[in-house]
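>>> My questions concern the predicted model and sequence given below.
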Amino acid sequence: MEAVNLPAFYIGVMGSKRNSLQRKARLKTFGDLDTLQLERIHAPVGMDIGSKTPSEIALSIMADIVCHKNHRAEPIKQIGRSEEGEDGYAEQAHRHV
């Protein structure tokens with residue numbers, strides 16, 4: 001709760017999606033926070049890039065922070081098949097290795 005009183009534009013909170021939703025509901029009900037304060041809380045923290053190692057988790061968190069700092073809510077391209085049926089980045093990278 002102390003973090004929402006700081007001037008940070010991004011407050012990241014670790015935890016599962018389910019716990020994050022429950023936490024946000026509790027903060028809305030009991031936390032006496034306004035909408036702007038709640039919008040600064042990002043939980044679960046980081047981007048969903050399939051992180052497994054501590055380094056990958058740190059990278060996903062920093063990518064999410066930079067994304068919000070630059071007011072970018074969506075990635076440039078999604079991994080997977082495009083509408084034209086082209087392979088996504090993962091398949092393209094595999095072919096070039």
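Alright, I've got the coordinates.

>>> quick one: low-confidence ranges for the chain?
Residue ranges of the chain with pLDDT under 70: 73-97.

>>> and if we set it to 90?
Applying pLDDT under 90 to the chain flags the ranges 1-6, 15, 20, 23-39, 48-49, 68, 71-97.

>>> And the strands in it?
11-12, 41-42 (DSSP state E).

>>> With distance to residue 31 and mean neighbour count added, can I get these in TSV?
To be clear about C-beta, it is placed using only N, CA and C from the backbone, and glycine gets the same treatment. What follows is those, written out as TSV (distance: least, CB to CB, whole Å; neighbours: other CB atoms under 10 Å):
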stretch	distance to residue 31	mean neighbour count
strand 11-12	13	16
strand 41-42	10	18
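
>>> send the alpha carbons of the biggest helix by length in the chain over as CSV?
When the chain is parsed with DSSP state H, its longest helix is helix 54-69. Written as CSV, here are the backbone C-alpha positions of helix 54-69 (Å, rounded to 0.1, in the frame of the first residue of the first chain):
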residue,chain,number,x,y,z
PRO,A,54,15.5,-15.3,-13.1
SER,A,55,17.2,-13.5,-16.1
GLU,A,56,14.2,-14.1,-18.3
ILE,A,57,11.8,-12.9,-15.6
ALA,A,58,13.8,-9.7,-15.1
LEU,A,59,13.8,-9.2,-18.9
SER,A,60,10.0,-9.6,-19.1
ILE,A,61,9.6,-7.1,-16.2
MET,A,62,11.9,-4.5,-17.8
ALA,A,63,10.2,-5.0,-21.2
ASP,A,64,6.8,-4.3,-19.5
ILE,A,65,8.2,-1.2,-17.7
VAL,A,66,9.7,0.2,-21.0
CYS,A,67,6.4,-0.6,-22.8
HIS,A,68,4.4,1.5,-20.3
LYS,A,69,7.0,4.3,-20.1
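
>>> For it, give me every contacting residue.
Outside of helix 54-69, the residues within contact range by CB atoms under 8 Å, 6 or more residues apart in numbering are 9, 10, 12, 42, 45, 46, 47, 48, 49, 50, 51, 73.
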